[in-house]
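K.L.:
Need coordinates for the following:
(chains A and B)
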Amino acid sequence: MPFKGQTKIAFPQEEERNVMMVFGENMRGKTSLLNALRWGFYGKALGRHLREIPLHDLHNKEAAREGDWTMEVRIEFSAGGHHYTLLRRAQKKPLVVQPSRPEDYSLEVGLQKDSVAVSGHAIESEINRYAPEQVSRFFLFDGELLQEYEELLIEGSEQGKGIKAAIEQVLGVPTLINGRSDLGTILRTAQRQQSKDLAHVAGLELQASKQASIQSKLDALESDVKRLGDKLAQTKGSRAVLDDDLEKVDSVHRAKIRLDATRERQKRIVSEQDSIRQERLLLLRDAWRDVLKPKLEARSRLLAEKKDKLSLRAQEKNRLEAQAENTKKLLDTSKCPTCEQTLESALRGRMGRVLGELEVQLSVMAVDQKEMSDITAELRTVNDLLSKSVAGRISEIESVTRKLEIELTRVENEAEALESEIRGYDTAEIARKRVLRDGLLREEGQLARDIEIVTKSIDSEKRELAIIARTFQDTPSARVSRSTAMVKVTSSLERVFSESIERLRDELRKHVEARASEAFKSLTTQKSYSGLEINKNYGLKILDERGSHVTVRSAGAEQIVALSLIDGLARTGRAAGPVVMDTPFGRLDLQHRDNILRYLPTTTSQLILLVHGGEIRRPRDLEPVASRIGASYEIREVNARHSRIERMES
Amino acid sequence: MNDSNPVDLALQTLVAVARECAPDLPEDLISRVYSIERAHQFDAANDREHASQSLLRLLEEFIAGSDVPRGSNA
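P.N.:
Residues are numbered from 1 along each chain as shown, chains lettered A, B, ... in the order given. Have a look, this model is predicted:
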């Protein structure tokens, strides 16, 4: 807390001038002022993620250095026609030198109602009558948390479930849920008494005994549900602590994952470099081929020509041999093979000469088969040597080697940066906590399923008891017992409370939807929007002029919807009371901010706005609300550890 | 501070449901049970003793005021 010494703030008292402005730049103490009120009422101050700030961290450091170890908040308020003075004080215990934990302080809380002290045990319930802690988020609210309300639109969201529970608190649903539960407890006791009363009544012994047996079973099942519920709450608590711890080191965890991937890449690059180096060595072994390449190419050409010539000669020889063979056959048979006519002698003579000439040509036409196969083999070897271009591949390898070197340097630099980012953190511990958190999440799921199963069994047993109860009510001898009368009236009341819960939820949703829509239409600058539609979780969707959902919403629109919901809830669930808003205009443009400034003072009894210069520029931006401002304060910095709240003259 | 709920939808709902499923229950009894629960809505879950005691007293008074004789058993 940046405040020390005594600071007094008087809230505006006039109905028509019910707005109080508190100006303060970031880090001056606006949220601390909100926390001072919260601590005064409930003995706790909340930090980021709604985590409680330990008492010893609330103490002003400068005051502590000066030896002042007492913190005190005094709140005077009126409610229900009574005047209250609430005092909460924390003081260093006498034997403690330097408080380092909440236990090092002694705490004192006192409440006076119309100048009469309220006894200790009744203080909390007296405060809860007018400013219940469970719904304090709706009147002591942090503008930075407005985005949380978007979670209500996400089915199954854990955070959304928490907000829904808070909403139902402000709407009064727990009154009926608690009523059902309290009546159920009384009913059980009454049924036990009824079993005892009727155990000796002739004709009812069996039913009474059965009733007693079901009650015992029911007791065991309810004890199971309670045990499982406690375990679930404990598991959720442990998981929330781990979630918070992990969120704080989330960047470290992500850096560790990136570091592992970078190291892996580093290994692969080194391995690629090794294998490419080996290939280069092998290529260099055959580098002589490239020196001989011109000669090999000439030799290849020569051999190819020789081979072509030999092939042509072999073809010619084959053709002549075939022709000689045919001619010889013709002469031997003296008949034409086509028309079977006998050859004339003159023709035979000419054929004989042709054969003779062919034989002369063939006798000089020698084809050396060995030479042919030698040339073919040599040509293959030469071409094989030519096909492997060592120089080309070596050039490729050198290019790849350069790229790998560059990448390796980049990867090594990245790894070094990541290592320095996670230095000092126990990444093994983070990994362990993640595994633990995941395990707890699974356990939560299992416990919720177990609770559902046992709850179904309880419902079934209760139905059995209801049947027996009806039997007793119809029996004249049982009807006269007081316990039967108690069972009858309590079970009827329990049924009424039970069946009213869902119906109330439906009614409340309709009311909240209508009132939030009214607020939304006053606050939004987009006149084509026709209103809001509520879902089962009290999440609100914007409707356009045709009644269709507006699916894409700006951050500013989200904030307006959230403010409309809060206003709708406040006007459905509670009478207009004081509302303190810390930094409520964060994401809003000027027109929306003006709309809010005009609208909220009309729906609250006192509106206290804690704002910084980025939200409200004085005096220009205060014009819409100027006539309603009853008090203004400014939080001024004395030094980094000390701020002072000063009243501003209007 | 906030004094009361502007529109008591919860009580209206209880009375409407009672008319349908338990017409014999007097509206006044429902209203008194609801008042007790409303006063104790924000009591901690493990501190329902005050609410239960108040409810029990109310129900005993109601039964005593009806036809069943005090202390009677079958």
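K.L.:
Would you map the helices across chain B?
P.N.:
B:9-21, B:27-39, B:49-64 (DSSP state H).
K.L.:
how about those in TSV, adding mean neighbour count, distance to chain A and mean pLDDT?
P.N.:
Glycine gets a C-beta too; all of them are placed from N, C-alpha and C. Below are those laid out as TSV (neighbours: other C-beta atoms under 10 Å in any protein chain shown; distance: least, C-beta to the nearest C-beta, whole Å; pLDDT from 0 to 100):
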stretch	mean neighbour count	distance to chain A	mean pLDDT
helix B:9-21	19	4	94
helix B:27-39	18	4	94
helix B:49-64	16	5	92
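K.L.:
hmm, which helix or strand of chain A has the shakiest average pLDDT?
P.N.:
helix A:476-479 (a mean of 69; mean pLDDT, DSSP states H and E).
K.L.:
immediately after it, which helix or strand?
P.N.:
Note on helix A:476-479: by DSSP states H and E, the next helix or strand toward the C-terminus is helix A:482-523.
K.L.:
how big is the angle separating that following helix from helix B:27-39?
P.N.:
60 degrees (axes from the mean of the first three to the mean of the last three C-alpha atoms, to 10 degrees).
K.L.:
Now the following helix or strand past helix A:482-523: buried residues?
P.N.:
Going down the chain from helix A:482-523, the next helix or strand is strand A:531-534, by DSSP H and E. By neighbour count with 16 or more other C-beta atoms under 10 Å in any protein chain shown, strand A:531-534 contains the buried residues A:Gly531, A:Leu532, A:Ile534.
K.L.:
Quickly check: strand A:531-534 near chain B or not.
P.N.:
No - using C-beta under 8 Å from any C-beta of the partner chain, strand A:531-534 never reaches chain B; the gap is at least 14.7 Å.
K.L.:
quick one: contacts of that strand?
P.N.:
Here strand A:531-534 makes contact (C-beta atoms under 8 Å, 6 or more residues apart in numbering or on different chains) with A:509-510, A:512-513, A:516-517, A:520-521, A:540-543, A:549, A:561, A:564.
K.L.:
from the chain's centre, how far out does it sit?
P.N.:
In terms of C-alpha atoms, centre = their mean, to the nearest Å, the centre of strand A:531-534 is found 25 Å from the chain centre.
K.L.:
Partner strands of that strand and their direction?
P.N.:
strand A:540-543 (antiparallel) (DSSP bridges).
K.L.:
of the contacts of strand A:531-534, closest to chain B?
P.N.:
A:Lys510 (9.5 Å; C-beta to the nearest C-beta).
K.L.:
What's the separation between A:Thr327 and A:Gly613?
P.N.:
Using C-beta to C-beta, to the nearest Å, A:Thr327 is found at 120 Å from A:Gly613.
K.L.:
neighbour-wise, which of the two wins?
P.N.:
A direct count of neighbours by other C-beta atoms under 10 Å in any protein chain shown for A:Thr327 and A:Gly613 places A:Thr327 higher, at 19 against 12.
K.L.:
Pretty sure that one sits against A:Arg350.
P.N.:
No - at 10.2 Å, A:Thr327 and A:Arg350 do not qualify as touching, with contact defined as C-beta atoms under 8 Å.
K.L.:
Tell me who's in contact with the residue of the stretch 251-400 of chain A found nearest chain B.
P.N.:
In the stretch 251-400 of chain A, the residue that lies nearest chain B is A:His253 (35.5 Å; C-beta to the nearest C-beta). Residues in contact with A:His253 (C-beta under 8 Å, 6+ apart) are A:Leu246, A:Thr427, A:Ile430, A:Arg434.
K.L.:
switch the cut-off to 10 Å
P.N.:
Residues near A:His253 by C-beta atoms under 10 Å, 6 or more residues apart in numbering or on different chains: A:Leu246, A:Glu247, A:Ile422, A:Tyr425, A:Thr427, A:Ile430, A:Ala431, A:Lys433, A:Arg434.
K.L.:
Strands of the stretch 101-250 of chain A, residue ranges please.
P.N.:
Using DSSP state E, counting those that start in this stretch, the strands of the stretch 101-250 of chain A run over residues A:105-113, A:116-118, A:140-142.
K.L.:
what's the closest of these to A:Glu316?
P.N.:
Judged by C-beta to C-beta, the one of the strands of the stretch 101-250 of chain A that comes nearest to A:Glu316 is strand A:140-142, at 104.4 Å.
K.L.:
Show residues contacting the closest one.
P.N.:
Residues outside strand A:140-142 that contact it (C-beta under 10 Å, 6+ apart): A:30-31, A:34-35, A:37-38, A:41-42, A:46, A:48, A:50, A:131, A:133, A:148, A:562-563, A:566, A:578-584, A:608, A:610.
K.L.:
Next, work out how far apart the spatially most central residue of chain B and B:Ala39 are.
P.N.:
The centre of chain B sits closest to B:Val33, judged by C-alpha atoms, centre = their mean, with a distance of 1.1 Å. Separation of B:Val33 from B:Ala39 (C-beta to C-beta): 11 Å.
K.L.:
okay, and the common contacts of those two?
P.N.:
What both B:Val33 and B:Ala39 touch, as defined by C-beta under 10 Å, 6+ apart, is the set B:Ser54.
K.L.:
nearest spatial neighbour of the residue most central in space within chain A, skipping sequence neighbours?
P.N.:
With distances taken as C-alpha atoms, centre = their mean, the residue of chain A nearest its centroid is A:Ser157 (8.9 Å). Closest residue in space to A:Ser157, ignoring its immediate chain neighbours: A:Glu151 at 4.6 Å, by C-beta to C-beta, 6 or more residues apart in numbering or on different chains.
K.L.:
OK, contacts around that neighbour?
P.N.:
Counting by C-beta under 10 Å, 6+ apart, the residues that A:Glu151 touches are A:Ser157, A:Glu158, A:Gln159, A:Gly160, A:Lys161, A:Gly162, A:Ile163, A:Lys164, A:Asn537, A:Gly539.
K.L.:
can you rerun that using 8 Å?
P.N.:
Residues near A:Glu151 by C-beta under 8 Å, 6+ apart: A:Ser157, A:Gln159, A:Gly160, A:Ile163, A:Gly539.
K.L.:
so how far is A:Gly143 from the nearest residue to the third one once chain neighbours are set aside?
P.N.:
Taking C-beta to C-beta, 6+ apart, and ignoring the residues beside it in sequence, A:Gly160 has A:Glu151 as its nearest neighbour in space, at 3.9 Å. A:Glu151 is 16 Å from A:Gly143, where distance means C-beta to C-beta.
K.L.:
Isn't the residue nearest to the centre of chain B up against B:Leu58?
P.N.:
Yes - when contacts are counted by C-beta under 8 Å, B:Val33 is listed as touching B:Leu58 (6.6 Å).
K.L.:
how far does stretch A:393-412 sit from the chain's center?
P.N.:
How far stretch A:393-412 lies from its chain's middle: 40 Å, per C-alpha atoms, centre = their mean.
K.L.:
Quickly check: stretch A:488-506 near chain B or not.
P.N.:
Yes - judged by C-beta under 8 Å from any C-beta, stretch A:488-506 and chain B are in contact via A:Val489, A:Thr490, A:Ser492, A:Leu493, A:Arg495, A:Val496, A:Phe497, A:Glu499, A:Ser500, A:Arg503, A:Leu504.
K.L.:
chain center to that stretch, what's the gap?
P.N.:
Worked out by C-alpha atoms, centre = their mean, stretch A:488-506 lies 37 Å from the chain centre.
K.L.:
What of stretch A:332-346?
P.N.:
Using C-alpha atoms, centre = their mean, the offset of stretch A:332-346 from its chain centre is 104 Å.
K.L.:
Dump that stretch to CSV, keeping only the CA atoms.
P.N.:
Output of stretch A:332-346 as CSV, limited to C-alpha atoms (Å, rounded to 0.1, in the frame of the first residue of the first chain):
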residue,chain,number,x,y,z
ASP,A,332,19.6,-75.3,-106.3
THR,A,333,15.8,-75.7,-107.0
SER,A,334,15.7,-73.9,-110.5
LYS,A,335,12.2,-72.8,-109.5
CYS,A,336,10.7,-69.5,-108.6
PRO,A,337,9.6,-69.7,-104.9
THR,A,338,6.6,-67.4,-105.6
CYS,A,339,5.1,-68.7,-108.9
GLU,A,340,6.8,-72.1,-109.0
GLN,A,341,7.9,-71.7,-112.6
THR,A,342,11.1,-73.2,-113.8
LEU,A,343,13.9,-70.8,-114.3
GLU,A,344,15.2,-70.3,-117.8
SER,A,345,18.8,-71.2,-118.3
ALA,A,346,19.7,-67.6,-119.3
